[in-house]
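K.L.:
Using only what follows, build the 3D model:
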Amino acid sequence: MRTIIRFVLGAIAAVNLSFIWTVGQTGLSQTNKNLCELWASMRKAVPESLPGLPEYQNCEFERLLVYGALAASAAIISWFAIEVLLWALKRRRKASQQDTELRIGMTMRELQAQHEQASALREHTEELRRQREAEQRAVPLIAQRPRLKCSFSMHDTGCIKPNTPYNEVLLVNGLQRIKQTNCTWFRLRVDAEGGNITDCHGRLISIKRGGAELLSGENPPLPFTHSSEPDGGATIHEGVSEFLDLLGVLYDQRIALAVPLNRRSTSIHWEDMFSLSGSYEIKVAITAPSVAAVPIELVLHWNLQPNTAKIEIKNQQRESAPLQITVGSSIDFYDVVRDRPRINSLVKLFKIRVENMERSRAISGVRVLITGVSTMTSGFRFPWVLADNLQISAGDHEMIPFAKYEEWREPEKQPSPIASDTIEIVVPQSDRFRLLGIEEEHVLQVRCTGIDVPPADAAIKLSVTSGRIQIERI
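P.N.:
Below is the predicted model of the structure:
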């Protein structure tokens, strides 16, 4: 149908173009005249073939020709517009079809990529599941292999045994005599995990002071406390701790190692090994034939005073405790006492800084006290309470007064650089003065406690050099 319409429109266009051509050649008047003559001759010549042909007296074909040409032109323009519209629609439809095909292709590729990703994820998940199952199958095998664990803490009552009787063997006139004294006995806690471990032994691997080795390559044994074996070995049962004897701090200012007398080498100076004050690095190893050896490194802080001796694990971080104690001699740690002004001297009130290391929790019920002084071994009752029932906000601190000392403003201009021969320990709510002489160093054992937090301990050394007080933590 569309083809016929296009043929008719083409014929009309051809006739119209012929007419335009004719008009252009002879003119509209001549064409009208010719048509009038043609009409009259047709009525005369063939009246039988055209019986109904009327007589056209006006003979105004020129108007009809113009109207017909205009109609033909309108039809041609309409046909051309329709053809252009159809061409545009066809082109648009084709472009839309191509876009749809492209989108379908992209969607298919995306679906394929998602499918590949899902497949890879399933494979990865399956691989993880297989690994987890393999690990779970291996856990019983690992759990069947027991291991040793060694620990120490000054707050463990099993590791610290004060007022322990100690029998010392002395040789008098060629005869052995037993001398009994009391001491604070230090032990290591040893546990078994994953099963019982037999034939366990302790070895003293190293003792150093100032980096110098004191054992000279010897590895003497250390006995377990309740060992029934001649060599001091023991069986460690899972869930039941055993204790390895390490040393005793005698109350006559000596230290006795737990190494059996018959296992001590004559090349080691056992009696005077701890005759000097300082920090001693001690390394011990727990061994057994069926498991790996477990070493532990300790530091003994020894200032020749039995009540201040302290052992801690080497490199143990103090920052792990919520409460931290800091001291010093700088201006950050003292105030000048103004109630007794002097022209040539200053009375300085030194303070302990107690800080709450928690970042989201206040610590209440904070108590700061002195539990011992190295130069006061008897005749004094401890603790001395420096502060009580404090509350320290998270990340905040409190400054606790604890010592007073008088210093010259210009000691070089005085006959003696020392303005005062005593250090006063400030103890609130007490009617007694606690005075320490400056002739010797004093080590104060300070403890800080709080509700629901472990206590913080610090050994603070007080000394006077050239008339200036020195305060440091050791």
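K.L.:
just the helices in the chain please.
P.N.:
Using DSSP state H, the helices assigned to the chain run over residues 2-26, 28-45, 61-143.
K.L.:
What degree of burial does residue 451 show, as a neighbour count?
P.N.:
Residues near residue 451, counting by other C-beta atoms under 10 Å, number 10. The way it works is simple: take the backbone N, C-alpha and C, and place the C-beta from them, glycine included.
K.L.:
I should have written residue 391 there, sorry.
P.N.:
Around residue 391 there are 14 other residues, counting by other C-beta under 10 Å.
K.L.:
which stretches of the stretch 51-200 of the chain have low pLDDT?
P.N.:
By pLDDT under 70, the low-scoring segments of the stretch 51-200 of the chain are 51-69, 136-144, 171-172, 174.
K.L.:
ugh, wrong one, the stretch 201-350 of the chain
P.N.:
Under the criterion of pLDDT under 70, the regions of the stretch 201-350 of the chain flagged as low confidence span 230-231, 315-320, 340-341.
K.L.:
where exactly do the strands run in it?
P.N.:
Remark: strands of the stretch 201-350 of the chain, listed N- to C-terminal, are 212-213, 221-222, 234-236, 242-250, 254-257, 278-288, 291-302, 310-313, 323-326, 334-336, 345-356; assignment by DSSP state E, counting those that start in this stretch.
K.L.:
got CSV for those, with distance to residue 161 and mean neighbour count too?
P.N.:
CSV is the format used below for the strands of the stretch 201-350 of the chain (distance: least, C-beta to C-beta, whole Å; neighbours: other C-beta atoms under 10 Å):
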stretch, distance to residue 161, mean neighbour count
strand 212-213, 28, 10
strand 221-222, 15, 20
strand 234-236, 18, 22
strand 242-250, 9, 23
strand 254-257, 14, 18
strand 278-288, 17, 19
strand 291-302, 16, 17
strand 310-313, 13, 18
strand 323-326, 26, 18
strand 334-336, 39, 15
strand 345-356, 30, 20
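K.L.:
possible to save these as TSV with distance to residue 367?
P.N.:
Formatted as TSV, the strands of the stretch 201-350 of the chain follow (distance: least, C-beta to C-beta, whole Å):
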stretch	distance to residue 367
strand 212-213	40
strand 221-222	37
strand 234-236	38
strand 242-250	26
strand 254-257	31
strand 278-288	28
strand 291-302	23
strand 310-313	20
strand 323-326	10
strand 334-336	22
strand 345-356	10
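K.L.:
closest one to residue 76 among those?
P.N.:
strand 345-356 (98.6 Å; C-beta to C-beta).
K.L.:
Show me what that closest one pairs with in its sheet, parallel or antiparallel.
P.N.:
Taking DSSP bridges as the criterion, strand 345-356 pairs within the sheet with strand 323-326 (antiparallel), strand 334-336 (antiparallel), strand 397-408 (antiparallel).
K.L.:
Flag every buried residue along stretch 93-101.
P.N.:
Neighbour counts over stretch 93-101 (16 or more other C-beta atoms under 10 Å) mark no residue as buried.
K.L.:
same check, this time on stretch 255-268
P.N.:
When neighbours are counted by 16+ other C-beta under 10 Å, the buried residues of stretch 255-268 are found to be 255-259, 268.
K.L.:
Report the distance from it to the chain centre.
P.N.:
A distance of 46 Å separates the centroid of the chain from that of stretch 255-268, by C-alpha atoms, centre = their mean, to the nearest Å.
K.L.:
Restricting to C-alpha, output that stretch in PDB.
P.N.:
In PDB, the C-alpha atoms belonging to stretch 255-268 read as follows (Å, rounded to 0.1, in the frame of the first residue of the first chain):
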ATOM      1  CA  ILE A 255      70.800 -12.300 100.100                       C
ATOM      2  CA  ALA A 256      71.000 -16.100  99.900                       C
ATOM      3  CA  LEU A 257      70.400 -17.900  96.600                       C
ATOM      4  CA  ALA A 258      68.400 -21.100  96.600                       C
ATOM      5  CA  VAL A 259      71.200 -23.000  94.800                       C
ATOM      6  CA  PRO A 260      71.900 -26.200  96.900                       C
ATOM      7  CA  LEU A 261      75.300 -26.100  98.700                       C
ATOM      8  CA  ASN A 262      76.500 -29.300  97.000                       C
ATOM      9  CA  ARG A 263      75.900 -27.800  93.600                       C
ATOM     10  CA  ARG A 264      77.800 -24.600  94.100                       C
ATOM     11  CA  SER A 265      81.000 -24.200  92.200                       C
ATOM     12  CA  THR A 266      84.000 -22.900  94.100                       C
ATOM     13  CA  SER A 267      84.800 -20.500  91.300                       C
ATOM     14  CA  ILE A 268      81.800 -18.300  92.200                       C
END
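K.L.:
Could you list the residues in contact with that stretch?
P.N.:
With contact meaning C-beta atoms under 8 Å, 6 or more residues apart in numbering, stretch 255-268 is reached by 166, 168-169, 183, 204, 214-216, 218, 220-223, 232, 245-250, 270, 273-274, 300, 302, 309.
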